[in-house]
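Asker: how would this look folded up:
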Amino acid sequence: MRLEFQTEGQTDPTVLVSVLTDGDENASKEFNTANVRALVDRLTEKGWSFTYMGANHAVEFVASSLSIKNSTRFETNKGSMEELFKKDRKGRLSYFKKRSQGMSSKDAQEGYWDQD
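Answerer: The predicted structure is shown next:
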């Protein structure tokens, strides 16, 4: 993974990875749930943060199975998508502000989807 290589050696990298999915199976032959969970666990230990945005499936269950704690559900329509991107933008701005003030990635991602 190129970004992992680029951040290697940094003691406190600021990396926020967001997964956006409509829930349709992509039938990956390279990765399975266990592989992705192990990757997320390893990168979280290095200070990376993850969010999961999903529709049309058991969003909380899937996010949890991947070790992703910040998840939200959306509907596959224009209004819901617009609201999702507003919430995500507020969460990102808050996250990066907290990180710039010295907060750990773990603490900075708390309440990611609850920004006003």
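Asker: Relative to residue 34, how far out is residue 15?
Answerer: Residue 15 sits 22 Å away from residue 34, taking C-beta to C-beta, to the nearest Å as the criterion. Quick note: C-beta positions are derived from backbone N, CA and C, even for glycine.
Asker: Among these two, which residue is more densely surrounded?
Answerer: residue 15 (16 against 10; other C-beta atoms under 10 Å).
Asker: What are the phi and psi values at the residue nearest to the more buried one when sequence neighbours are not counted?
Answerer: Nearest residue to residue 15, sequence neighbours excluded (C-beta to C-beta, 6 or more residues apart in numbering): residue 48, at 4.4 Å. Dihedral pair for residue 48: phi -80, psi 150, per degrees, to the nearest 10.
Asker: Next up, the contacts around residue 48.
Answerer: 13, 15-17, 105 (C-beta atoms under 8 Å, 6 or more residues apart in numbering).
Asker: Take these and keep only those in helices.
Answerer: residue 105 (DSSP state H).
Asker: Pipe the contacts of residue 48 into TSV and attach pLDDT per row.
Answerer: Below are these laid out as TSV (pLDDT from 0 to 100):
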residue	pLDDT
13	89
15	94
16	96
17	96
105	92
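Asker: Just the buried subset of the contacts of residue 48, please.
Answerer: 13, 15-16, 105 (16 or more other C-beta atoms under 10 Å).
Asker: Spatially central, which residue of the protein would that be?
Answerer: Note on the chain: the residue nearest the mean C-alpha position is residue 51, at 1.8 Å, using C-alpha atoms, centre = their mean.
Asker: quick one: it and residue 88 touch, right?
Answerer: Yes - judged on C-beta atoms under 8 Å, residue 51 makes contact with residue 88 at a distance of 7.4 Å.
Asker: Find the residues that touch each one of these two.
Answerer: residue 18.
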